[in-house]
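Enquirer: when you get a sec, could you give me coordinates for this:
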Amino acid sequence: MSKVKGLCIMDVDGTLILEEVIDLLGREVGREEEIAQITSRAMRGELNFERSLRDRVSLLEGLPISVFDKVFKSIQLTPNAQKFISILQKNGILVGLVSGGFTPIVDKLAKSLGITYFSANQLEVKDGLLTGELVGAIISPELKQATLEQWRKELKLPRERTVAIGDGANDLLMLKSSGLGIAFCAKEVLRKEIPHHVDKRDFLEVLPLIDFLE
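Expert: Below is the predicted model:
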């Protein structure tokens, strides 16, 4: 790639893909409804993100890691996500994924889309089973924002050449600190604070908002 002209950071669950992976994992352990209710409240900003994530992950204890292959096959990209990403990449805009979801899924998604910059939560595994614990730093709202800043500085880009796209309360800080924050089919808490919204679930609707595309 020639010189990077911009950076576009995307949330994964509910933005790049239609599903919330943790809810799909909950289905595998028979706790989907319980987990989905917590997810929904966290995304609306009603619960502390990190605490709610730890609570949900604890319910996944005992799941085999092979479950990620099954879940990966069931997730669907948001319409035109692949096309959107390849248009940005062809225009010298680096695409990165920052997810409050989990590395085994985000890693596969990133590779399938030709994305090298990504960050997600790590689940602890012992003897091939999830322990119900997380390891390492939690991808909190603050860390999403810090990751955007870190990648921007590594790429030596000015703030106005950064785009952030997300749908939940945990994306707010990241969207606010980018040059262009886009609330994508977003929860009310995000729509109130972020002036740019896309309300149709189609990534081609985002392209006209990015003013540094060739």
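Enquirer: count of residues packed around Gly128?
Expert: 9 (other C-beta atoms under 10 Å). Every C-beta, even on glycine, is put in place using the N, C-alpha and C of the backbone.
Enquirer: contact partners for it?
Expert: Pro64, Ile65, Ser66 (C-beta atoms under 8 Å, 6 or more residues apart in numbering).
Enquirer: closest to Leu180 out of these?
Expert: Ile65 (37.2 Å; C-beta to C-beta).
Enquirer: how many neighbouring residues does that closest one have?
Expert: 13.
Enquirer: got the CA positions of stretch 9-22 in PDB?
Expert: Taking C-alpha atoms only, stretch 9-22 is exported to PDB below (Å, rounded to 0.1, in the frame of the first residue of the first chain):
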ATOM      1  CA  ILE A   9     -11.900   2.200  13.000                       C
ATOM      2  CA  MET A  10     -15.000   0.100  13.200                       C
ATOM      3  CA  ASP A  11     -16.800  -1.600  16.100                       C
ATOM      4  CA  VAL A  12     -17.600  -5.300  15.300                       C
ATOM      5  CA  ASP A  13     -20.700  -6.600  17.000                       C
ATOM      6  CA  GLY A  14     -23.900  -4.900  15.900                       C
ATOM      7  CA  THR A  15     -21.800  -2.700  13.400                       C
ATOM      8  CA  LEU A  16     -19.600  -4.700  11.100                       C
ATOM      9  CA  ILE A  17     -21.700  -7.900  11.800                       C
ATOM     10  CA  LEU A  18     -25.400  -8.200  12.500                       C
ATOM     11  CA  GLU A  19     -25.100 -10.300  15.600                       C
ATOM     12  CA  GLU A  20     -23.700  -9.900  19.200                       C
ATOM     13  CA  VAL A  21     -21.200 -12.800  19.400                       C
ATOM     14  CA  ILE A  22     -21.600 -13.000  23.200                       C
END
